[in-house]
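In: coordinates for the following, if possible.
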Amino acid sequence: MSAAQTAATASMSDKARSIFAFAAYYALLSGDPVREVVLDDGQGHHADADGVKELQSAGLIEPQGAKARLTDEGQAVLGKVIAAIRGVDA
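Out: Alright, predicted model coming up:
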C-alpha cells in the first residue's frame, strides 16, 4: 500500500469503514475471497455515497455501476479488517 493510501485508511470515516465491514461480513460468512462489493442491491440497501467517494479517492475501490471492484490495495485493507475481527476475543 502506498504512503498516501496508508494515510487515507488511517483517517477513514465510519461511512467508508462500513463498506469494508459489509465485505468482511460476506467473506467471513461465505469463506470466499471478496473482490467486489455491492453498492446498491436494488432493494433499498445501498452504500453511503460519501463513503464510496472516499474509498474511490483513496484508490481502494473502482465503482462500476451497482458494484465496486476492490483494488489490490482495497483487498489488502479488507484483509486487515478481517484479521482485526478474528483477533477479537470474547
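
In: check contacts around the residue most central in space within the chain.
Out: Residue closest to the mean C-alpha point of the chain, counted by Cα atoms, centre = their mean, is residue 20 at 2.8 Å. For residue 20, the contact set (Cβ atoms under 8 Å, 6 or more residues apart in numbering) comprises 77, 78, 81. The way it works is simple: take the backbone N, C-alpha and C, and place the C-beta from them, glycine included.

In: what residues are bridge-paired with residue 46?
Out: residue 40 (DSSP bridges).

In: where do the helices of the protein begin and end?
Out: In the chain, the segments counted as helices under DSSP state H are 3-10, 14-30, 49-57, 72-86.

In: buried residues in the second one?
Out: What it means is helix 14-30. By neighbour count on 16 or more other Cβ atoms under 10 Å, the buried set for helix 14-30 is 15, 16, 17, 19, 20, 22, 23, 24, 27.

In: the last one now?
Out: Buried residues in helix 72-86, counting neighbours by 16+ other Cβ under 10 Å, are found at 73, 74, 77, 78, 81, 82.

In: run through the neighbouring helices and strands of it.
Out: Judged by 3 or more Cβ pairs under 8 Å, 6 or more residues apart in numbering; DSSP states H and E, helix 72-86 is in contact with helix 14-30.

In: what mean pLDDT does the helix it packs on have?
Out: For helix 14-30, mean pLDDT is 96.

In: tell me the angle it makes with helix 49-57.
Out: Interaxial angle of helix 14-30 relative to helix 49-57 (axes from the mean of the first three to the mean of the last three Cα atoms, to 10 degrees): 80 degrees.
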